[in-house]
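[1] got a sequence here, can you model it:
(2 chains)
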2 protein chains.
Amino acid sequence: MRYQLYYWPTIQGRGEYVRLALEHAGAGYDDVARGPGGMAAMTKMMEAGDRPPFAPPFLKAGRLVIGQTANILLYLGARHGLAPKAEKGRLWVHQLQLTIADLVLEVHDSHHPLGPSLYYEDQRSPAKKRTEEFWKQRVPKYLGYFEWLVSECGGTYSTGRRATYVDLSLFQIVEGLRYAFPKRMKKFEREIPKLVALHDRVAARPNIKAYLASDRRIAFNEDGIFRRYKELDI
Amino acid sequence: MRYQLYYWPTIQGRGEYVRLALEHAGAGYDDVARGPGGMAAMTKMMEAGDRPPFAPPFLKAGRLVIGQTANILLYLGARHGLAPKAEKGRLWVHQLQLTIADLVLEVHDSHHPLGPSLYYEDQRSPAKKRTEEFWKQRVPKYLGYFEWLVSECGGTYSTGRRATYVDLSLFQIVEGLRYAFPKRMKKFEREIPKLVALHDRVAARPNIKAYLASDRRIAFNEDGIFRRYKELDI
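    The predicted structure follows:
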């Protein structure tokens, strides 16, 4: 089955966690808003039908239309060997992904503390304060947690020797923090050697390696979740 | 099977969405940190074992320990008739719950825009700005979406004639916004008559009614997600 992914065409954003899973699985998919139909095709899907998603990304899988990043990964994980099949492991991996989703929202809040519908330029001073708190309290808490998990599981991936969609997402978190906060992250990486090794392990997987080198991978930019603002990276 | 719910003992918070589901289902459960073991019992669970959750709430269900509110509801929904059994409906209801989780985070950000680890008193001015944006942009967007869904589904519950855990959560959202922002919410309720009717319908269900009248329901207060700060409710 060929999938249709609907997401903003110019950013990695939340869609990237889905792209990484599809690419890793070698699944066929159209990145619809980047294709011939463009944004109009996405808008049409959001206005049509009786169950429109609240926001992108959403994935069309045959007759199913699935929204919310972690929910899409829950679905894909079961079908493409990207999560354990048994209930206990499936719920655990989903739980970790939801924890990553919380972190992603906090990354976004670091440059948009006054709300998602205002410009960054109108909230620079609170963004500085929020970013301080983010790096002092939140990054160590979140990444320390995942570092510990990887270590407990033998040091390969976050739940053991097999990669799941959570590991693909952790790769993206490391990539994103490196992009947005190169100075801060360089210092912080000393604290998370196992996560860095996990990042490298994911980056070296053949399908991911090919994807990252392709033009299907959109470059980071200042419209996405991870944004590089010099004054926030001190 | 008797469940053990682990959550902060003095607030509704995110644990309340789980409590409402357990109460509606008439399931037996211990609210552990409010019981004889107190907070020590919760702390012990978070430090023990090889798969500690990142944060409360988490639910012990026999040998399973499940974290993340929406993940717990995904589990309970399947077991207590609080969600459709078929994949399409199950994913859809989970998707809606994840959208509510995003809204809950934005409610929290309205009084904590500079981050969860700083006091409200240290962020009053940005909280005012964030709250303005929240009521101008975000509440209409989120609640307008759910109002539309209830309407599309025939006006009873958010996915049709049977209540799911999403409806219990929507009840809690209306309750919480009424508590935190009585003036703003009073005006806004005109825009969401179907959600208000859904709220009343949930409140009237026998198990929920009994729960709300019991001392198991913790009162709203200024340590929770929904906080009443006069200066934010103008």
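
[2] is the helix ranked longest in chain A positioned near chain B?
    Counting by DSSP state H, the longest helix found in chain A is helix A:87-111. Yes. Using Cβ under 8 Å from any Cβ of the partner chain, helix A:87-111 reaches chain B at A:87-88, A:91-92, A:94-95, A:98-99, A:101-102, A:105, A:109. From N, CA and C alone the C-beta is placed, and that goes for glycine too.

[3] likewise for stretch A:43-62?
    Yes. Using Cβ under 8 Å from any Cβ, we find that stretch A:43-62 touches chain B at A:50-51, A:53-55.

[4] chain center to that stretch: distance?
    Computed by Cα atoms, centre = their mean, to the nearest Å, the chain-centroid distance of stretch A:43-62 equals 20 Å.

[5] could you pull out the strands for chain A?
    For chain A, applying DSSP state E gives strands covering A:3-6, A:29-31, A:58-61, A:64-67.

[6] which residues touch the second one?
    Right, the one you point to is strand A:29-31. Residues outside strand A:29-31 that contact it (Cβ atoms under 8 Å, 6 or more residues apart in numbering or on different chains): A:2-5, A:7, A:9, A:19, A:22, A:216.

[7] before we move on, the earlier item: which of the residues of helix A:87-111 next to chain B are buried? Put it as a ChimeraX command.
    To isolate the buried members of the residues of helix A:87-111 next to chain B in ChimeraX, using 16 or more other Cβ atoms under 10 Å in any protein chain shown:
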select /A:91,92,94,95,98,99,101,102,105,109
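
[8] how about JSON lines for the residues of helix A:87-111 next to chain B, with pLDDT added?
    Shown next, in JSON lines, are the residues of helix A:87-111 next to chain B (pLDDT from 0 to 100):
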{"residue": "A:87", "pLDDT": "95"}
{"residue": "A:88", "pLDDT": "96"}
{"residue": "A:91", "pLDDT": "98"}
{"residue": "A:92", "pLDDT": "97"}
{"residue": "A:94", "pLDDT": "98"}
{"residue": "A:95", "pLDDT": "98"}
{"residue": "A:98", "pLDDT": "98"}
{"residue": "A:99", "pLDDT": "98"}
{"residue": "A:101", "pLDDT": "98"}
{"residue": "A:102", "pLDDT": "97"}
{"residue": "A:105", "pLDDT": "96"}
{"residue": "A:109", "pLDDT": "96"}
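
[9] is it possible to get a markdown table of the residues of helix A:87-111 next to chain B that adds distance to residue B:226?
    Converted to a markdown table, the residues of helix A:87-111 next to chain B look like this (distance: Cβ to Cβ, whole Å):
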| residue | distance to residue B:226 |
| --- | --- |
| A:87 | 33 |
| A:88 | 33 |
| A:91 | 28 |
| A:92 | 30 |
| A:94 | 26 |
| A:95 | 24 |
| A:98 | 21 |
| A:99 | 23 |
| A:101 | 21 |
| A:102 | 18 |
| A:105 | 18 |
| A:109 | 19 |
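
[10] circling back to that earlier point, same list (the strands of chain A) but as CSV, adding mean pLDDT and mean neighbour count.
    Listed next are these as CSV, based on pLDDT from 0 to 100; neighbours: other Cβ atoms under 10 Å in any protein chain shown:
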stretch, mean pLDDT, mean neighbour count
strand A:3-6, 98, 22
strand A:29-31, 98, 18
strand A:58-61, 97, 23
strand A:64-67, 96, 21
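
[11] by mean pLDDT, which helix or strand of chain A comes out lowest?
    Lowest on mean pLDDT, DSSP states H and E among the helices and strands of chain A sits helix A:38-47, with a mean of 92.

[12] now that helix: buried residues?
    In helix A:38-47, counting by 16+ other Cβ under 10 Å, buried: A:42, A:45.

[13] got the contact list for the residue lying closest to residue A:68 once chain neighbours are set aside?
    Setting aside the residues directly before and after it, residue A:68 is nearest to residue B:98 in space (Cβ to Cβ, 6 or more residues apart in numbering or on different chains), at 4.0 Å. Residue B:98 makes contact with A:68, A:70-71, A:98, A:101, B:70, according to Cβ under 8 Å, 6+ apart.

[14] apply 6 Å and report the result again.
    If a contact means Cβ atoms under 6 Å, 6 or more residues apart in numbering or on different chains, then residue B:98 has A:68, A:71, B:70 as its contacts.

[15] before we move on, back to that, run through the neighbouring helices and strands of the least confident helix or strand of chain A.
    Where contact means 3 or more Cβ pairs under 6 Å, 6 or more residues apart in numbering or on different chains; DSSP states H and E, helix A:38-47 is not packed against any helix or strand.

[16] which positions in chain A make contact with chain B?
    Taking Cβ under 6 Å from any Cβ of the partner chain as the criterion, chain A approaches chain B at residues A:50, A:54, A:64, A:66-68, A:71, A:88, A:91, A:94-95, A:98-99, A:105, A:113-115, A:117, A:126, A:129-130, A:133, A:137, A:145, A:152.

[17] now the buried members of the residues of stretch A:43-62 next to chain B.
    Buried among the residues of stretch A:43-62 next to chain B by 16+ other Cβ under 10 Å: A:53-55.

[18] that older thread, nearest to residue B:13, of the residues of stretch A:43-62 next to chain B?
    Closest approach between the residues of stretch A:43-62 next to chain B and residue B:13, by Cβ to Cβ: residue A:54, at 22.6 Å.

[19] just give the closest residue to the closest one, not the sequence neighbours.
    Leaving aside its sequence neighbours, residue A:54 sits nearest to residue B:99 (Cβ to Cβ, 6+ apart; 4.6 Å).

[20] is the one you found in contact with residue A:55, as I believe?
    No. The pair residue B:99 / residue A:55 is not scored as a contact, 7.9 Å apart, by Cβ atoms under 6 Å.
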